[in-house]
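*Asks:* Here's my sequence, what's the structure:
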Amino acid sequence: MNRPETPQYWNHADIHRVILLGDRETLDQIGMLERQASEHGAMILESHTFEPCEARSHDDLRDVPAVMNALRRAIEIRADIWVPHPIQDLTREQHIRHIDLVLEQHGLDLILGQHLAPCPEEGINTIDYALRQEVRAVYDLDRAVLAAAGLRTLAEEIEAALADAATRQHEMPADEAPYRLAHLEAEYGLMPNVPAPSTPWDQRRDALKELAARLTKSGMTQTKAAEIIHGLGHRPPSGGAFTQVTVSMLLQGRYDRGSVR
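*Replies:* Predicted coordinates:
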């Protein structure tokens, strides 16, 4: 039996992790869906399901907890969302469009159908395409007006505030780091032996990756894990502060390709 041709989309090593979204009957096919995902170079990280017809009966997806949870988790762990039966499960084109636009704002994709094809850039139909163009035009106009006024968007203000807070965050002296680790072990169990922050990155990377994995596996958020690693005095190879994004990259092995000092 010939292996299905993998779409060009899946040739990117950093976007093969997906969250499954569909109704309860879709989850009953999980074995088959896992095989389909694997055949197209993807891996299902977790599944979020709702009752049959639940999405159809709501105008606002905020009233469908499974969809909200799937979007939240996708943004948290940087994974795309796969809906194997979009019309059957989500029913309304507006629901598909809204999920895709939310993911798009975070650099993620909505994957549709049995062949794991990304949602078309031009939308589901002509009306969908027109609405997307309208949204983008509004965003572009808004950014242009703010730039002309010397102002920043709310997203830029939040990002700048977070970066400033991370930079000014209290850092523990190196000789106090063992006490912080001892406190972590008392709460979360045995922690890996992490080299001093002054150690070259390629000698710290694996230990920091193991530390982040232990913390997040215990239920801690990646943001909190980043604060702890930052508080121990460590920096990512590119400099700056550890954040949710850099912890996610560390856990995904995005720093494994080479050593950076």
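*Asks:* secondary structure element for Ala137?
*Replies:* Assigned by DSSP states H and E, Ala137 falls within helix 126-148.
*Asks:* Do a quick rundown of the helices in the stretch 51-200 of the chain.
*Replies:* Using DSSP state H, counting those that start in this stretch, the helices assigned to the stretch 51-200 of the chain run over residues 65-77, 93-105, 126-148, 154-168, 177-188.
*Asks:* low-scoring stretches of the stretch 51-200 of the chain, by residue?
*Replies:* Scanning the stretch 51-200 of the chain for pLDDT under 70 picks out 121-133, 136, 139-140, 142-143, 146-147, 149-190.
*Asks:* next one: phi and psi at the residue nearest to Thr223 when sequence neighbours are not counted?
*Replies:* In space, and not counting its chain neighbours, Thr223 is closest to Gln244: 4.4 Å by C-beta to C-beta, 6 or more residues apart in numbering. From N, CA and C alone the C-beta is placed, and that goes for glycine too. Main-chain dihedrals, Gln244, degrees, to the nearest 10: phi -60, psi -40.
*Asks:* For Gln244, give me the pLDDT.
*Replies:* pLDDT for Gln244: 87.
*Asks:* Surely it and Ile229 touch.
*Replies:* No. Gln244 lies out of contact with Ile229 (C-beta atoms under 8 Å); the separation is 11.1 Å.
*Asks:* How many neighbouring residues does Ala226 have?
*Replies:* Using other C-beta atoms under 10 Å, Ala226 has 24 neighbouring residues.
*Asks:* Spit out the contact partners of it.
*Replies:* 241-244, 246-247 (C-beta atoms under 8 Å, 6 or more residues apart in numbering).
*Asks:* mind redoing it with 10 Å?
*Replies:* 166, 212, 215, 234, 236, 241-248, 250 (C-beta atoms under 10 Å, 6 or more residues apart in numbering).
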